[in-house]
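[1] Provided below for reference: sequence and predicted model.
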Amino acid sequence: MTDDRTDGRIDSPGEPVGRVLGTADATPLQFWTAVSPGSYLQLDDVVVTRRDLPDREPVTIAGVVTQVRARHEGAQFESDVFAIADGTLPAQVQEAAEITTTRVDPELYVPPAPGATVHRAEGDARARALHFDRMERRIPMGMGRDGVPVYLNADFLDGSRGAHVSISGISGVATKTSFATFLLYSVFRSGVLGGDAVNAKALIFNVKGEDLLFLDHPNARLDDTTRAAYAKLGLAAGAFPDVRVYAPPRVGDASGTPDVSSRLTGVDAFYWTLSEFCADRLLPYVFADADDERQQYTMVVHSVTAHLARYAQPADGGVSVDGVRLGSYADLVDHVVEQLNDDETRGDWAGSAVGLGTVNAFARRLIGSKKDLGRLIRGDLATRRPHSINTAESAQVTVVDLHNLPDRAQRFVVGVTLRGEFERKEKAGTAKPLLFVVLDELNKYAPREGSSPIKEVLLDIAERGRSLGVILVGAQQTASEVERRIVTNSAIRVVGRLDPAEASRPEYGFLPPAQRQRALLAKPGTMFVNQPDIPVPLCLEFPFPAWATRVSEAGRAPSETLRSITGSIDPFAVVGSGGVDDDIPF
Amino acid sequence: MTGPQLFVDAWDPSYGASFEATPGGPVAPSSTQVDTDVELPAVDWRAIGPRAGVAAPHVVLLVDGVRRIDASVWTAEEDGASYPGIAASYAAGVVRCDLERGAAELAGARVGRGLFTASPSAQEVTCGQVRYPVHRVGGSGELSKLPAAVQAPLTALEVAVSDAARTDGDLLVVDGPLRARRQLPRTLGYIKTQHSQYLDARLTAVVTGLGSGQRSPVFRLGTAWGGWSWYLRLPVAVGAPWAGIVRLECSPDLEPQDAIALADLSLVTLPRFASSPYKDPRAPQNLVPIAGLERRLRGMLGDARLLHRALTMASRSGGIR
């Protein structure tokens, strides 16, 4: 029944560590292994066993350890442990490990025979057990508990067979954004994308602190151990080579200098001009719940948006509506509210069948947005100055800093930027080059309840982005609060440390009970990654970032960032040729 | 090749004769000659406590055996006669208690099986990987006598496993009277249940008056298997006169002072092995290592129902030859 012969499928399967238990049911998908004295198995170890069948080739059953237990055999009472430790009661310590099957080869789902030798899987056997051999393109994600690299199947990241990543975990300890950036680094630098890697872009929204503003600065704390860890994964430890950082303009600053405190060079300000705001119909993004059917005022939003798009004329940075020149967002809001309050013009702006209460609800919200959006929607800055976020023309990695912005403004920026990127990809019509979008606090932008234009954009990306080459890397504290369709569309699900109440939710059903419990204790840098290829989530540790994650870690700034904002302006560009192409230069 | 046909009794074998001795005090006064003046003159008999300067040995070996009837069988001889038989499994093992290291381990264990019958033509039984060789019993071979026949091969097995585990300076405690094992050095026979009353009423009062962890003086039994013997009371809550009393014996070939030294050694060694009443129905006499050993040995005998089924199958298919 069992033997240690090695032939055929198990070539050098590794040292024997135990035998399949017969006192607990052995099933094709899960079985227990008694660990032989002098050996050990830890959680996440990969093992392999074999079942001989009559008239068929033997079946190789491989799995990972999902639970380990040790107990005294021969003891009946709890207090027997004292007699055993005292040397009076004979007992044997027996360890047993629960194995969850990851691969059955060939696919004959027979249980392993009790008594069959279980080997620790090493080398090719381990790669086969974890399906790494079937991955044509493998992205290193980190080290398994056994210190050997574990991989992500690139097919499930780049849209070939699946796309999108959903990362969940408690803020601060789960290292969600660090893992997201490491994954990007690995995608760009491991050579998995081949030639596409050069043109692949990433758009990262920085929502907390200035953590992500130093991606292009080498980490001053990088040591040889970390370099070795990167080398083991086949990566060179270093910073992102090509990064462009955008930050919102400072409040009350007429010149539009970017609002950052720690990073002083190589930051561009982003904003929208009033004419873009009107022509591109950005007004709905000001309202978080503009598409919610329960809200009456959404009708007014769309009506006003359409009116602005039709009648607003660019006028020297600002816009001119109904012959009135509006030089700032506050002016625009005041003008719209004034027009709506006027009985004569209200019908033109809001439509005829709208009640006064509804108009007032709209006006109230619009006025409320003045303070938040005033610095992002500008009529006072030169139109020819580059100010928009466009990954196609930007560096490989575009970081958009949102951390200084209030909630409403953050939603506006994310919604408008993503819509712009998505529309550009739609027009291009090809999936390549890929665009990776890293967005933390996804639950804020795509909450489970309600509907908004921002959520629609994210849903669009989740459902159609795969074919258009837009890959969403979403992070959130609680996957249970994120729109279900976004989570279910994510091929790759990652979990860091979880809140105990959150871990019991069905969104984490992919974690076996033991891993669910371990996720409560996961230390920073430990993630559980579930990919469609492998039936068990893999526990891994990814190396310390090789790029600076805060100003104190930042090494010397790369020379490209020392260029000033004016350096990125084409000195030969025609003045005013920004959006209006029929302008005559004079 | 062609032996008598065998039939396995459908009755559970445990409804046969019981192996378990009934606990309690000695019932029948014994007519054995007893020399009570070995350690102390009979008139001076009193309880003896632990002697100063005597320390328990580092290694204590405890030997025990278990036996079980797997099935009762009947043979059908060619001449029409019929003999009863039992298919029994027995196992002997030795626990090595390393008190210094605090580790008790199974130092050796062996399992034996046999078909015990008086049938002159019985053949060995093979069912699967299990083999029951024939142990032919002399005499008429009534069913009630057969279980006692298992004792001899079991004792032989016990001697074999204990020999293999001996080291210098250890103490071997054998479950039950020494009998044929009296040649083993540094060996104590440990008798849990008292069937015979060897001492007269006055000396018996000394025994029943023993406190926990005290022993009686050494005396000599004049039986064929006799030898040096003494009583010892294991730690026990106040109870019946014979509660917690065990009788120990050692080889009659020893000098009296060696026997007394062994008695002192037993007094510092055995009480720590006494079991607690809520864990063991035979507490405190059934020592903790012995109880653990018996559990392990019973496990090694194999599943009784499985063996019964295998024997039944084998008898039907002609596996019993």
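    Nice, thanks for sending it over. Residues are numbered from 1 along each chain as shown, chains lettered A, B, ... in the order given.

[2] list the contacts for residue A:181?
    Residue A:181 sits next to A:204, A:212, A:215, A:438, A:545, A:547 when contact means C-beta atoms under 8 Å, 6 or more residues apart in numbering or on different chains. Quick note: C-beta positions are derived from backbone N, CA and C, even for glycine.

[3] just those now: which is nearest chain B?
    Distance to chain B across the contacts of residue A:181 (C-beta to the nearest C-beta) is lowest for residue A:545, with 48.7 Å.

[4] now do the contacts for the most centrally placed residue in chain A.
    Against the mean C-alpha coordinate of chain A, by C-alpha atoms, centre = their mean, the closest residue is residue A:473 at 2.4 Å. Residues near residue A:473 by C-beta under 8 Å, 6+ apart: A:164, A:165, A:167, A:180, A:183, A:184, A:436, A:437, A:438, A:439.

[5] what ranges does chain B have for its helices?
    Per DSSP state H, chain B carries helices over the ranges B:146-149, B:151-165, B:201-208, B:256-269, B:288-301, B:304-317.

[6] helices of the stretch 51-200 of chain A, start to end?
    A:80-86, A:124-129, A:176-189, A:196-199 (DSSP state H, counting those that start in this stretch).

[7] hmm, back to that, the residue nearest to the centre of chain A - that's part of a strand, no?
    Yes: per DSSP: H, G, I helix; E, B strand; the rest coil, residue A:473 lies within a strand segment.

[8] stretch B:208-221 - what's its average pLDDT?
    Averaged across stretch B:208-221, pLDDT comes to 90.

[9] where does the prediction get shaky in chain A?
    The model of chain A has pLDDT under 70 over residues A:1-12, A:174, A:288-295, A:382-384, A:559-586.

[10] please parse it into its domains.
    According to automatic domain parsing, chain A comprises the domains A:16-129, A:159-269+A:388-561, A:272-378.

[11] how about the contacts made by residue A:394?
    Applying C-beta under 8 Å, 6+ apart, we find residue A:394 in contact with A:201, A:244.

[12] looking at the chain, which residue ends up farthest from its center?
    Answering for chain A, as no chain was given. Centroid-distance maximum for chain A: residue A:88 at 57.6 Å, with C-alpha atoms, centre = their mean.

[13] you looked at the wrong chain, it should be chain B
    residue B:79 (38.9 Å).

[14] residues near the nearest residue to residue B:186 once chain neighbours are set aside, how many?
    Spatial nearest neighbour of residue B:186, chain neighbours left out: residue B:171 (5.5 Å); criterion: C-beta to C-beta, 6 or more residues apart in numbering or on different chains. Residues near residue B:171, counting by other C-beta atoms under 10 Å in any protein chain shown, number 21.

[15] what's the answer for residue B:271, then?
    Neighbour tally, residue B:271, other C-beta under 10 Å: 21.

[16] can you pull the contacts of it?
    B:212, B:213, B:234, B:235.

[17] tell me the pLDDT of it.
    We have a pLDDT of 89 for residue B:271.

[18] check the one 5 residues further on too.
    The predicted structure scores residue B:276 at 81 on the pLDDT scale.

[19] does it touch residue B:287 like I think?
    No: counting by C-beta atoms under 8 Å, residue B:276 stays clear of residue B:287, with 11.5 Å between them.

[20] could you check which of those two is surrounded by more residues?
    For residue B:276 and residue B:287, the more surrounded residue by other C-beta under 10 Å is residue B:287, and the numbers stand at 31 against 14.

[21] quick one: residue A:410 is in a strand?
    No: applying three-state DSSP, one finds residue A:410 to be helix, outside a strand.

[22] report how many residues lie close to it.
    Per other C-beta under 10 Å, the neighbour tally for residue A:410 reads 22.

[23] before we move on, what about residue B:128?
    Residue B:128: 11 neighbours (other C-beta under 10 Å).

[24] state the distance from it to residue A:169.
    55 Å (C-beta to C-beta, to the nearest Å).

[25] residue A:337 now?
    Residue A:337 sits 43 Å away from residue A:169, going by C-beta to C-beta.

[26] more crowded one of those two?
    Between residue A:337 and residue A:169, counting by other C-beta under 10 Å, residue A:169 is the more crowded of the two (28 against 19).

[27] for that one, which non-adjacent residue is spatially closest?
    Using C-beta to C-beta, 6+ apart and skipping the chain neighbours, the partner closest in space to residue A:169 is residue A:496 (3.0 Å).

[28] and for residue A:391?
    Per C-beta to C-beta, 6+ apart, closest to residue A:391 is residue A:201, 4.4 Å.

[29] now do that neighbour against residue A:412, distance only.
    Separation of residue A:201 from residue A:412 (C-beta to C-beta): 22 Å.

[30] who has more neighbours, those two?
    The residue with more neighbours, out of residue A:201 and residue A:412, is residue A:412; 27 against 22, by other C-beta under 10 Å.

[31] which residues touch that one?
    Residues near residue A:412 by C-beta under 8 Å, 6+ apart: A:282, A:285, A:286, A:372, A:373, A:376.

[32] quick check: it vs chain B, distance?
    In this structure, residue A:412 and chain B are 70 Å apart, going by C-beta to the nearest C-beta, to the nearest Å.

[33] for that residue, give its distance to residue A:261.
    The gap separating residue A:412 from residue A:261 is 22 Å, by C-beta to C-beta.

[34] which residue packs closest to the residue of the stretch 351-500 of chain A found nearest chain B, ignoring adjacent ones?
    Residue nearest to chain B within the stretch 351-500 of chain A (C-beta to the nearest C-beta): residue A:500, separated by 37.6 Å. The spatially closest residue to residue A:500, leaving aside those adjacent along the chain, is residue A:520, at 5.4 Å (C-beta to C-beta, 6+ apart).

[35] quick one, phi/psi of that neighbour?
    For residue A:520, the backbone dihedrals are phi -70, psi -20 (criterion: degrees, to the nearest 10).

[36] again, but for residue A:499
    Torsion angles at residue A:499 (phi, psi; degrees, to the nearest 10) stand at phi -70, psi 140.

[37] before we move on, what about residue A:539?
    In terms of degrees, to the nearest 10, the main-chain angles of residue A:539 are phi -90, psi 130.
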